[in-house]
Every structure is written in structure tokens, then in C-alpha cells.
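Engineer: Provided below for reference: sequence and predicted model.
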Amino acid sequence: MNKMDQGEAKLRFLDGDYDVLEPGTYIRCAVSGAHIPLDALRYWSVDLQEAYASPGLATQRMQEKGLVPK
């Protein structure tokens, strides 16, 4: 793997998709800080422009921000 393919990616989250702004192999979960491989990325917020490692962490963040009821 060459250096261009390694490290943290920068993404712009869209509805159902994302644009790669800077290439990389993973993105960090906004709640846990865990590395999420791009091929495993399933959960994100378009409004907050954040990625999440699991649906539970996504729900937790939405509740913290008052976007969904607790």
C-alpha cells in the first residue's frame, strides 16, 4: 500500500453517500474516536458532518444534540 492510501480520510457527508475530500483508509467515530474503515462506514450525520461506529453511538450523539428525543 502506498502512502496516499493510508491514514485518515476527510469526507463530506451527503444523504446516502459521501464525497472524499482527502483520500485515506479510515475515518474516526465522532463519539468514540474509533477508526472506521471506509468500506465499513454505515452511519453518519449530514447535519453534523460526523461519522459513527455504530447505530447506538449515532443515536447517542443525536440525543446529546437534541435532534431526537431521549
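Structural biologist: Right, received. Where do you want to start? Residues are numbered from 1 along each chain as shown.
Engineer: please report how far the residue nearest the centre of the chain lies from Met62.
Structural biologist: With distances taken as CA atoms, centre = their mean, Ala51 lies nearest the centre of the chain, 1.7 Å away. From Ala51 across to Met62, the span is 13 Å (CB to CB, to the nearest Å). C-betas here are computed from N, CA, C, even on glycine.
Engineer: ok, Asp39 next?
Structural biologist: From Asp39 across to Met62, the span is 24 Å (CB to CB).
Engineer: what do you get for Leu14?
Structural biologist: Taken as CB to CB, the span from Leu14 to Met62 is 18 Å.
Engineer: which residues are in contact with Leu67?
Structural biologist: Leu67 makes contacts with Asp47, as judged by CB atoms under 8 Å, 6 or more residues apart in numbering.
Engineer: same thing with Tyr26?
Structural biologist: By CB under 8 Å, 6+ apart, the contact set of Tyr26 is Gly7, Glu8, Ala9, His35, Ile36, Pro37, Leu38.
Engineer: now do the strands in the protein.
Structural biologist: Listed in chain order, the strands of the chain (DSSP state E) span 10-14, 17-22, 26-28, 35-37, 43-45, 50-52.
Engineer: isn't Gln49 right up against Arg12?
Structural biologist: Yes. Contact criterion CB atoms under 8 Å: Gln49 and Arg12 qualify, at 7.1 Å.
Engineer: got a list of what Ile45 touches?
Structural biologist: Just so we're on the same page, residue 45 is Ser rather than Ile. Ser45 makes contact with Phe13, Tyr52, Ala58, Arg61, Met62, according to CB under 8 Å, 6+ apart.
Engineer: which among those gets closest to Cys29?
Structural biologist: Taking CB to CB as the measure, Cys29 sits nearest to Tyr52 out of the contacts of Ser45, at 5.5 Å.
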